[in-house]
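[1] Would you be able to build a 3D model of this:
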Amino acid sequence: MLVDTRNIISMTEANQNFSKVARMVDHAGSAIIIKNNKPRYLIINFEETEEMQMASNEDLKNISERLIKKNRKAYEELAK
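    Numbers count the residues shown, from 1 in each chain. This is a model prediction of the structure:
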């Protein structure tokens, strides 16, 4: 998953305006809530959970390698 900075919201703002978080998820499929300037929670559309469960039958190593390759820039940014 690529991290879109428009889908990042602070814990305080999410707590005060959860409807904004819901709109983000409806629009982009996910929202990231940060706490103390670090990504803490990922909110996703419920329909995506079914896709994740189906992936459990795939080889975990292949999934991990694919995600790391696809999202390397986002992981490097989050690791800073």
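[2] residue contacts, the spatially most central residue of the chain?
    By CA atoms, centre = their mean, the chain has its centre lying nearest to residue 42, at 4.3 Å. Contact analysis of residue 42 by CB atoms under 8 Å, 6 or more residues apart in numbering lists 30-33. Just so you know, the C-beta spots here come from the backbone N, C-alpha and C atoms, and that holds for glycine as well.
[3] Take those residues and keep only those in strands.
    Judged by DSSP state E, the contacts of residue 42 include 30-33 as members of strands.
[4] Poorly predicted segments of this structure, please.
    Applying pLDDT under 70 to the chain flags residues 1-3, 51-58.
[5] Show me where this structure has its helices.
    With DSSP state H applied, the chain shows helices at 11-16, 18-28, 47-54, 60-70, 72-79, listed in chain order.
[6] ok, back up a step: out of the ones in strands among the contacts of residue 42, which is most surrounded?
    Neighbour tally across the ones in strands among the contacts of residue 42 (other CB atoms under 10 Å): the maximum, 24 neighbours, falls on residue 31.
[7] these two touch, right, it and residue 25?
    Yes: using CB atoms under 8 Å, residue 31 is in contact with residue 25, at 5.2 Å.
[8] picking that back up, residue 37: which of the helices of the chain is closest?
    Nearest to residue 37 among the helices of the chain is helix 11-16; the distance by CB to CB comes to 10.3 Å.
[9] Name the residues of the closest one that are buried.
    Within helix 11-16, the residues that count as buried by 16 or more other CB atoms under 10 Å are residue 14.
[10] neighbouring contacts of that helix?
    Helix 11-16 is contacted from outside by 20-21, 31, 33-35, 40, using CB under 8 Å, 6+ apart.
[11] Try it again at 7 Å.
    21, 33-35, 40 (CB atoms under 7 Å, 6 or more residues apart in numbering).
[12] Ok, stretch 23-30 next?
    Contacts of stretch 23-30 (CB under 7 Å, 6+ apart): 1, 4, 7, 9, 31, 42-45, 48.
[13] and residue 47, how many neighbours?
    8.
[14] I'd like the distance between residue 64 and residue 70.
    For residue 64, the distance to residue 70 equals 11 Å [CB to CB, to the nearest Å].
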